[in-house]
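Student: need coordinates for the below:
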Amino acid sequence: MNTSRSPLVLPTLTSLALLLSLALSARAFAQTPAPQGVIEGQAVIASANSNAPLDALPASLFTFIDGARQVPPATALTDARGHVRFVNLNTTSHFTYTLFIKFQDTIYGSGAISFASGRNVAEATVKVFDVTSDQRALRVDQHHLIIDVDETAHALDVLEFYQLTNTGDRAIVGATEPSASNKRVSFRAPIPPDAQVQTIEERTPNTNIFQANNELLDTVPIAPGPAELVFEYRVPYQRATIALALTSPYSVTMLNVLVAPNVRVRSPRLTFQQNVDANGRSFQHYSARDLPPNTSIAIELNNLPAPLIPLDVLQWLPLAAVSVALAVALFVAYRRTPDHAAPRRQTPA
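Tutor: Below you'll find the predicted structure:
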């Protein structure tokens, strides 16, 4: 049996062996798991003179891969010192984490948590606060309204933006109200009686914010420091003039009202400032400063593109038509009655 090999066989086998070795090495490298990381979290009470316990607080760790949140989160409970620990975490740069801790029925979160290069332990501190129903520490720094006009729908499109500050050291939760499913109302935002709410940022209607009695009732606790509420609604109008009343149950440092061009504005409390550009259009900027709680600002908007026949008049047209038809029918019946009709025979006494 001839066992001699062609001079090309050995180099070929060597090359194949080398390629196979490289492929296996690459596969083994690709399957090497990332170092397992640990996040050490801690809840810290930031309210003065608090003796609230920190043990057994629910903690949730959300994972984000390239900014996309993964569900479900990892969960755990804090120990007596408010510490919580999460293990077996991916430490690569594609992964970030956020820690949430529930304290006195209020959820507080950390910033984004990531692992430094070459390290597999990260620490996160979550500040928590005692709660209060007292709203005297709440202040409205800026209240912005942008009023635009939808000529086709004959409606005002209004965006309201509240910039708030809780100047205290406790989270404001307010008192429970039946109109808010017996939840605690932390903030009230008055809206016009016929407002049709379109969107509310970072809120879920009928879950943590409710519409009742011409108000939006927010049940999200307001932690010490800055906060905000942004929402949009639509107000239909029927004539070229509409009156609005702006009221806040809180003190307002600055009220800014931007009104669409070509709309005439009348208000005894607002002062015209200037025209400002927004989305390529020039809006009229009016403002007022240092408003005490429950101050009412009357605004009259004129020169609105109104329908030819107002809707409140249009709804009565069918009834008016029926009334006119009935009157005509009675008139015609009366005219057809003979003038020389014989009088009714009387019975002799």
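
Student: show me the strands in the stretch 201-349 of the chain, by range?
Tutor: 209-212, 215-218, 225-236, 242-248, 252-259, 264-266, 271-278, 281-291, 295-302 (DSSP state E, counting those that start in this stretch).

Student: of all those, which gets the most neighbours per residue?
Tutor: Mean neighbour count (mean count of other C-beta atoms under 10 Å) peaks for strand 215-218 among the strands of the stretch 201-349 of the chain, with a mean of 22. In short, each C-beta sits where N, CA and C put it, glycine included.

Student: not counting its neighbours along the chain, what's nearest the residue nearest to the spatial centre of the chain?
Tutor: Residue closest to the average C-alpha location in the chain (C-alpha atoms, centre = their mean): residue 201, at 1.7 Å. Closest residue to residue 201 in three dimensions, ignoring its sequence neighbours and counting by C-beta to C-beta, 6 or more residues apart in numbering: residue 230, at 4.3 Å.

Student: is that neighbour bridged to anything, and to what?
Tutor: Counting by DSSP bridges, residue 230 is bridged to residue 161.

Student: likewise residue 148?
Tutor: Going by DSSP bridges, residue 148 forms beta bridges with residue 157.

Student: and the closest residue to residue 183 other than its chain neighbours, what does it touch?
Tutor: Leaving aside its chain neighbours, residue 183 sits nearest to residue 219 (4.3 Å; criterion: C-beta to C-beta, 6+ apart). For residue 219, the contact set (C-beta atoms under 8 Å, 6 or more residues apart in numbering) comprises 174, 180, 183-186, 208-210.

Student: okay, residue 219: pLDDT?
Tutor: Looking at residue 219, its pLDDT stands at 97.

Student: next one: residue 21
Tutor: Looking at residue 21, its pLDDT reads 49.

Student: again, but for residue 326
Tutor: Per-residue pLDDT puts residue 326 at 68.

Student: next: residue 349.
Tutor: pLDDT recorded at residue 349 is 45.

Student: could you do residue 119 as well?
Tutor: So residue 119 comes in at 95 (pLDDT).

Student: please name the nearest non-neighbouring residue to it.
Tutor: Spatial nearest neighbour of residue 119, excluding adjacent residues (C-beta to C-beta, 6+ apart): residue 91 at 7.5 Å.

Student: surely that neighbour meets residue 36?
Tutor: Yes. Between residue 91 and residue 36 a contact is recorded at 7.5 Å, counting by C-beta atoms under 8 Å.

Student: the more surrounded of these two?
Tutor: residue 91 (20 against 11; other C-beta atoms under 10 Å).

Student: give me the below-cutoff pLDDT ranges for the stretch 201-349 of the chain.
Tutor: Applying pLDDT under 70 to the stretch 201-349 of the chain picks out residues 308-349.

Student: and residue 47, what element?
Tutor: Following DSSP states H and E, there is no helix or strand that holds residue 47.

Student: measure the residue nearest to residue 183 to residue 100 for me?
Tutor: In this view, residue 219 and residue 100 are 18 Å apart by C-beta to C-beta, to the nearest Å.

Student: what of residue 55?
Tutor: 17 Å.

Student: strands along the stretch 1-150 of the chain, start to end?
Tutor: Using DSSP E, counting those that start in this stretch, strands in the stretch 1-150 of the chain cover 36-45, 58-65, 68-77, 83-90, 95-103, 106-109, 121-128, 131-132, 138-150.

Student: any chance of JSON lines for those strands, columns distance to residue 296?
Tutor: Listed next are the strands of the stretch 1-150 of the chain as JSON lines, based on distance: least, C-beta to C-beta, whole Å:
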{"stretch": "strand 36-45", "distance to residue 296": "40"}
{"stretch": "strand 58-65", "distance to residue 296": "43"}
{"stretch": "strand 68-77", "distance to residue 296": "43"}
{"stretch": "strand 83-90", "distance to residue 296": "49"}
{"stretch": "strand 95-103", "distance to residue 296": "38"}
{"stretch": "strand 106-109", "distance to residue 296": "32"}
{"stretch": "strand 121-128", "distance to residue 296": "37"}
{"stretch": "strand 131-132", "distance to residue 296": "28"}
{"stretch": "strand 138-150", "distance to residue 296": "13"}
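
Student: of these, which is nearest residue 164?
Tutor: strand 138-150 (5.9 Å; C-beta to C-beta).

Student: could I get the contacting residues of the closest residue to residue 57 other than its chain neighbours?
Tutor: Among residues not flanking residue 57 along the chain, residue 78 sits closest, at 4.3 Å (C-beta to C-beta, 6+ apart). When contacts are counted by C-beta under 8 Å, 6+ apart, residue 78 touches 42-43, 54-57, 59, 84, 101.

Student: many thanks, we can stop here.
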